[in-house]
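Enquirer: output the structure for:
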Amino acid sequence: MDEQERVDGGEEKPEEKKGSDGAQDADASEYEDICCICRRPASKAGKMIRIASGLSICQDCMQKTFDSMNRAGFPIGDMSNFGNMPNISMINLSDLQNMNVMPQSQKLKKKKAKAKEEKKPEPVFDIRSIPAPHKIKESLDEHVVGQEHAKKVMAVAVYNHYKRVASDSADGVEIEKSNMLMVGPTGSGKTYMVKTLARLLDVPLAIADATSLTEAGYIGDDIESVVSKLLAAADNDVERAEHGIIFIDEIDKIAKKRNTNQRDVSGESVQQGMLKLLEGAEIEVPVGANSKNAMVPLATVNTRNILFICGGAFPDLENIIKERLNKQSAMGFHADLKDKYDKEENILRHVEVEDIRKYGMIPEFLGRLPVVFALDALSEDMLVRILTEPKNAIVKQYQKLLGMDEVKLEFEDGALRAIAKKAKEKEIGARALRAIIEEFMLDIMYEIPKDDNIGMVTITRAYIENTGGPVIAMRG
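Expert: Numbering: from 1, shown residues only. Okay, the predicted model is just below:
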């Protein structure tokens with residue numbers, strides 16, 4: 001009896017096994033199997049054959065292996081002379097296992113099982129969960145100062161886009177996609193607005209830089225890498241990535257080169273390659289990499305419901321706009337002067353598609369970006385508001401930093417105005433604000449931790465203008 005109890009107690013029941021194996025099984029059930037030879041996922045290659053722990057091979061590659069062995073005159077049934085045949089050696093499974101190991105960023109998540117026919121599938125996006133345009137603009141107002149027209153255009157375009165995603169075409173009416181093109185000077189808040197918008201809607205967002213994009217076959221990022229970044233932001237979930245937002249910054253850098261006798265691999269050819277992305281097509285994108293190669297799995301992503309937002313500073317576009325506007329001037333007492341628009345700061349408000357086409361963007365590319373709007377240049381008053389009003393304002397950041405040392409930080413109104421004036425002279429937008437404050441706060445941040453008796457620091461206008469110093473108050 002004791003011996004029977006000892007034998008039964010020594011066996012480990014299957015449901016009692018815990019540890020890393022259970023985690024691996026859960027991880028394996030969530031992600032697709034990848035063929036260790038052709039690198040295709042199971043959704044494309046079909047059912048996989050497991051040849052070793054963690055190794056899978058698709059049926060096509062297995063059949064090709066057998067066919068190549070038959071063509072070499074090797075009978076499959078006879079294994080006696082396998083080791084003596086020239087140019088054929090046994091497969092080292094340890095080498096394959098090392099080759100098959102891929103990072104988490106290159107594993108594809110399995111698609112959800114389709115619902116039964118009698119049950120209607122739940123929509124990916126519920127239109128009631130998307131905030132109304134005025135709610136979207138109110139949220140943008142908390143983070144972005146000014147740019148009222150740009151925020152209104154973006155709120156309406158995004159709301160209509162996700163209404164389009166949630167709608168069906170059963171009545172024959174199919175809503176077209178409204179991609180956007182933002183034109184604005186550097187530092188006016190183009191990228192910051194898109195980041196705030198994606199955080200508000202809780203959708204995947206990918207920010208790509210057009211300067212690194214080149215035509216396929218040349219050194220640089222392929223055009224599909226833009227969608228690959230969105231897939232990575234969606235945690236390799238294809239269904240979630242197909243309803244995300246892609247922001248392509250520095251879009252003016254892929255304009256056509258005017259005077260060149262060489263092949264334009266980073267200009268017009270990139271615009272032509274992006275046409276299918278903007279309009280909507282099923283494309284194969286590398287998973288966890290910028291370019292396609294034999295060792296990277298590929299995923300098929302449909303860009304039909306992906307919202308594309310392009311932004312660029314378009315330097316010297318003002319001259320093209322002024323040239324068009326000055327053509328309207330004529331001779332006479334009531335004629336417009338030639339220099340009427342020379343001192344207008346927000347000349348980009350008058351931008352039209354024709355101006356951007358003259359800049360170097362091809363008509364087919366602009367036709368797929370129907371919503372075109374401009375951001376205003378930042379004035380001194382806007383720069384002062386940027387310093388203090390947003391939730392993540394620069395002044396609030398430094399007040400929090402000094403608050404950790406139990407020191408209160410204050411800025412005089414004259415100091416804020418002096419900082420804004422210096423930033424305006426640099427002509428790089430809101431980015432100049434932090435550079436100026438970093439310069440003047442360096443000595444303060446260095447000296448304050450030395451003395452525990454300091455209780456308050458006030459930044460004065462004289463300190464910013466280098467004619468005085470900050471006011472330091474002791475505790476008590």
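Enquirer: which segments of this protein make up each domain?
Expert: 23-101, 127-374, 380-474 (automatic domain parsing).
Enquirer: pick the most buried one from the ones you listed.
Expert: domain 127-374 (a mean of 17; mean count of other C-beta atoms under 10 Å). In short, each C-beta sits where N, CA and C put it, glycine included.
Enquirer: average pLDDT for it?
Expert: For domain 127-374, mean pLDDT rounds to 84.
Enquirer: ends of stretch 209-221, what's the gap?
Expert: Distance across stretch 209-221, first residue to last, is 10 Å (C-alpha to C-alpha, to the nearest Å).
Enquirer: how far does it sit from its chain's centre?
Expert: Relative to the mean C-alpha coordinate of its chain, stretch 209-221 is positioned 16 Å out (C-alpha atoms, centre = their mean, to the nearest Å).
Enquirer: again, but for stretch 207-224
Expert: With C-alpha atoms, centre = their mean, you get 14 Å for stretch 207-224.
Enquirer: picking up where we left off before, closest to Lys109 out of the domains of the chain?
Expert: The closest of the domains of the chain to Lys109 is domain 127-374. By C-beta to C-beta, the value is 5.0 Å.
Enquirer: so which residue is smack in the middle of this structure?
Expert: Geometric centre of the chain, nearest residue: Ala206, 1.4 Å, by C-alpha atoms, centre = their mean.
Enquirer: Serialize the domains of the chain to a markdown table and add fields for distance to Leu108.
Expert: As requested, those are exported to a markdown table (distance: least, C-beta to C-beta, whole Å):
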| stretch | distance to Leu108 |
| --- | --- |
| domain 23-101 | 5 |
| domain 127-374 | 5 |
| domain 380-474 | 35 |
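Enquirer: any stretches of the stretch 351-476 of the chain with poor pLDDT?
Expert: Applying pLDDT under 70 to the stretch 351-476 of the chain flags no residue at all.
Enquirer: and the strands in it?
Expert: For the stretch 351-476 of the chain, the strands defined by DSSP state E, counting those that start in this stretch cover 371-374, 408-411, 454-459, 471-474.
Enquirer: please apply the same query to the chain.
Expert: Ranges of strands in the chain, per DSSP state E, are 48-52, 55-58, 180-183, 205-209, 245-249, 282-286, 298-302, 307-312, 371-374, 408-411, 454-459, 471-474.
Enquirer: contacts for the last one?
Expert: Contacts with strand 471-474, where a contact means C-beta atoms under 8 Å, 6 or more residues apart in numbering, come from Asn453, Ile454, Gly455, Met456, Val457, Thr458, Thr460.
Enquirer: just the closest of those residues to Glu284, please.
Expert: Looking across the contacts of strand 471-474 and measuring by C-beta to C-beta, the closest to Glu284 is Val457, at 57.4 Å.
Enquirer: look up how far Ile362 lies from Ala132.
Expert: For Ala132, the distance to Ile362 equals 36 Å [C-beta to C-beta, to the nearest Å].
Enquirer: actually Leu275, sorry about that
Expert: 9 Å.
Enquirer: before we move on, back to that, who wins for proximity to Ile386 among the strands of the chain?
Expert: strand 408-411 (13.0 Å).
Enquirer: elements contacting that closest one?
Expert: Here strand 408-411 touches helix 394-403, strand 454-459, going by 3 or more C-beta pairs under 8 Å, 6 or more residues apart in numbering; DSSP states H and E.
Enquirer: reformat the ones you listed as JSON lines; add distance to Asp202.
Expert: Shown next, in JSON lines, are these (distance: least, C-beta to C-beta, whole Å):
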{"stretch": "helix 394-403", "distance to Asp202": "24"}
{"stretch": "strand 454-459", "distance to Asp202": "38"}
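Enquirer: select, out of the ones you listed, the one closest to Ser228.
Expert: helix 394-403 (33.1 Å).
Enquirer: now the end-to-end length of stretch 457-464.
Expert: End-to-end for stretch 457-464, by C-alpha to C-alpha: 14 Å.
Enquirer: which outside residues touch that stretch?
Expert: Against stretch 457-464 from outside (C-beta under 8 Å, 6+ apart): 402, 407-412, 414-415, 417-419, 422, 440, 444, 448, 468-473.
Enquirer: ditto for stretch 426-440
Expert: So stretch 426-440 is contacted by 185-189, 377-378, 383, 386-387, 394, 398, 419-420, 422-423, 459, 463-464 (C-beta under 8 Å, 6+ apart).
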